[in-house]
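Engineer: Got a sequence here, can you build the structure:
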Amino acid sequence: MNTTAPDAGAVEREVREFQRRLAASSALIASLPPVTLATAPRDAVYRDGKVTLWRYRSDARASGRPPLLVVFALVNRPTVLDLQPDRSLIRGLLAQGLDVYLLDWGYPDRGDRHTGLADYTLGYLHRAVEAIDGGRRPVDLLGVCQGGTLSLLYTSLEPARIRRLVTMVTPVDFHTPDNLLSKWARGSDVDRLVETFGNVPGELLNATFLSLMPFRLTLQKYLALVDGADDPRALESFLRMEKWIFDSPDQAGQAFGEFIKWFYQENRLAKGTATLAGRAIDLGRITMPVLNIYATADHLVPPAAARALGGLVGSRDYREIAFEGGHIGIYVSSRAAAVPTQIAAWLKGR
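Structural biologist: Below you'll find the model as predicted:
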């Protein structure tokens with residue numbers, strides 16, 4: 001066993017170098033202009049209270065191609081899908097000639113405390129689908145994370161309105177053993193939480209997500225910041241990611257409580273016992289083509305939680321794609337550029 005004491009001089013030099021690089025990265029960050037997110041050109045084509053339906057402009061859009069409606073989670077902002085020009089799921093889809101729409105849920109306030117999941121799916125989502133081309137033809141639907149779960153609920157109840165369904169990092173079986181978020185949620189008194197706050201503060205949920213993997217999502221991230229001390233592009237990417245992470249909308253109390261109880265605590269979607277506005281949710285009614293994309297290192301939606309979909313839908317044209325990365329990396333990592341190409345290729349083949 002090596003019992004040699006560390007060289008005090010070497011340790012001191014390493015500490016000084018770390019301090020130098022930390023100071024350099026701090027100074028460079030201070031000199032950078034404010035970062036902006038979601039810069040792909042778009043137009044608001046429909047508004048419904050706080051909810052906005054965006055349509056993206058594109059010179060590459062192919063005439064006559066079915067519209068693709070992207071539905072993101074309620075919990076975070078969809079700006080991560082267009083984080084920066086060279087790391088943008090939205091721009092990647094546009095480059096493939098797709099006609100891309102995005103449903104933006106906005107920011108709930110005190111007046112939304114009693115807005116439930118039925119309001120979001122059979123209300124806002126349904127009206128957005130009808131607003132595209134006046135509801136004259138079915139749309140393609142891309143549901144992301146929690147937005148994928150909402151898309152499954154809607155497609156089960158309104159299958160004639162959806163031509164093809166794509167889900168990305170979407171939880172279906174909420175009780176897989178490796179689901180850290182589920183373990184937290186199942187031990188939570190969600191009724192007391194909603195009773196206390198009304199709407200659940202976004203800052204509280206953000207702190208919860210970070211606490212699931214504290215070293216990787218906090219300390220390790222900021223240590224990596226020092227490594228980019230001499231790289232303005234790396235620091236700009238860091239700032240964009242931080243801006244997105246801490247832009248956390250409050251959650252409408254009723255919808256939050258329903259989602260936690262129905263799915264995380266009671267696992268109704270996987271068990272086939274879910275209902276919405278008195279209507280039974282039967283994933284077997286989803287018979288159109290389905291593409292299910294999951295991330296192999298996802299700490300929020302483990303692969304097994306997403307892959308459960310294959311055994312529940314009624315589609316004979318079901319395909320899975322495994323993305324080698326994590327829950328956020330599927331949008332913004334260097335490997336994420338392949339994802340919109342894969343989605344477009346699958347859509348064009350059907």
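Engineer: Considering only helices and strands, which part of this protein has the lowest mean pLDDT?
Structural biologist: Within the chain, no helix or strand scores below helix 214, which has a mean of 54 by mean pLDDT, DSSP states H and E.
Engineer: just the helices in the stretch 151-300 of the chain please.
Structural biologist: 180-186, 190-197, 202-212, 214, 220-227, 232-245, 253-259, 268-271 (DSSP state H, counting those that start in this stretch).
Engineer: Nearest to residue 76 among the ones you listed would be which one?
Structural biologist: Among the helices of the stretch 151-300 of the chain, the nearest to residue 76 by Cβ to Cβ is helix 232-245 (7.3 Å). All C-beta spots, glycine's among them, are computed from the backbone N, C-alpha and C.
Engineer: if we can go back for a sec, export the helices of the stretch 151-300 of the chain to a markdown table and tack on mean neighbour count and distance to residue 57?
Structural biologist: Shown next, in a markdown table, are the helices of the stretch 151-300 of the chain (neighbours: other Cβ atoms under 10 Å; distance: least, Cβ to Cβ, whole Å):
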| stretch | mean neighbour count | distance to residue 57 |
| --- | --- | --- |
| helix 180-186 | 17 | 36 |
| helix 190-197 | 14 | 39 |
| helix 202-212 | 14 | 30 |
| helix 214 | 10 | 41 |
| helix 220-227 | 13 | 34 |
| helix 232-245 | 17 | 22 |
| helix 253-259 | 22 | 31 |
| helix 268-271 | 18 | 36 |
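Engineer: can you redo these as CSV with distance to residue 311?
Structural biologist: Listed next are these as CSV, based on distance: least, Cβ to Cβ, whole Å:
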stretch, distance to residue 311
helix 180-186, 19
helix 190-197, 28
helix 202-212, 27
helix 214, 34
helix 220-227, 36
helix 232-245, 33
helix 253-259, 22
helix 268-271, 9
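Engineer: Which of the ones you listed sits closest to residue 334?
Structural biologist: Using Cβ to Cβ, the helices of the stretch 151-300 of the chain put helix 232-245 closest to residue 334, at 10.9 Å.
Engineer: Just checking the distance from the closest one to the centre of its chain.
Structural biologist: Mean-position distance between helix 232-245 and its chain equals 18 Å (Cα atoms, centre = their mean, to the nearest Å).
Engineer: is it true that residue 54 lies in a helix?
Structural biologist: No. Residue 54 is assigned strand when assessed by DSSP: H, G, I helix; E, B strand; the rest coil, not a helix.
Engineer: Using PDB, write out every CA atom in stretch 78-96.
Structural biologist: Only the C-alpha atoms of stretch 78-96 are listed here, as PDB (Å, rounded to 0.1, in the frame of the first residue of the first chain):
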ATOM      1  CA  PRO A  78     -40.400  24.200 -24.200                       C
ATOM      2  CA  THR A  79     -37.500  26.500 -24.900                       C
ATOM      3  CA  VAL A  80     -35.100  23.600 -24.300                       C
ATOM      4  CA  LEU A  81     -36.300  22.300 -27.700                       C
ATOM      5  CA  ASP A  82     -34.700  25.300 -29.400                       C
ATOM      6  CA  LEU A  83     -32.000  26.100 -26.900                       C
ATOM      7  CA  GLN A  84     -29.500  27.500 -29.400                       C
ATOM      8  CA  PRO A  85     -29.300  27.500 -33.200                       C
ATOM      9  CA  ASP A  86     -26.900  24.500 -33.400                       C
ATOM     10  CA  ARG A  87     -28.600  22.500 -30.700                       C
ATOM     11  CA  SER A  88     -32.300  22.700 -31.600                       C
ATOM     12  CA  LEU A  89     -34.800  19.900 -32.000                       C
ATOM     13  CA  ILE A  90     -37.200  22.400 -33.600                       C
ATOM     14  CA  ARG A  91     -34.600  23.600 -36.200                       C
ATOM     15  CA  GLY A  92     -33.700  20.000 -36.900                       C
ATOM     16  CA  LEU A  93     -37.300  19.100 -37.700                       C
ATOM     17  CA  LEU A  94     -37.700  22.200 -39.800                       C
ATOM     18  CA  ALA A  95     -34.600  21.300 -41.800                       C
ATOM     19  CA  GLN A  96     -36.200  18.000 -42.600                       C
END
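Engineer: Thanks again, I'm all set now.
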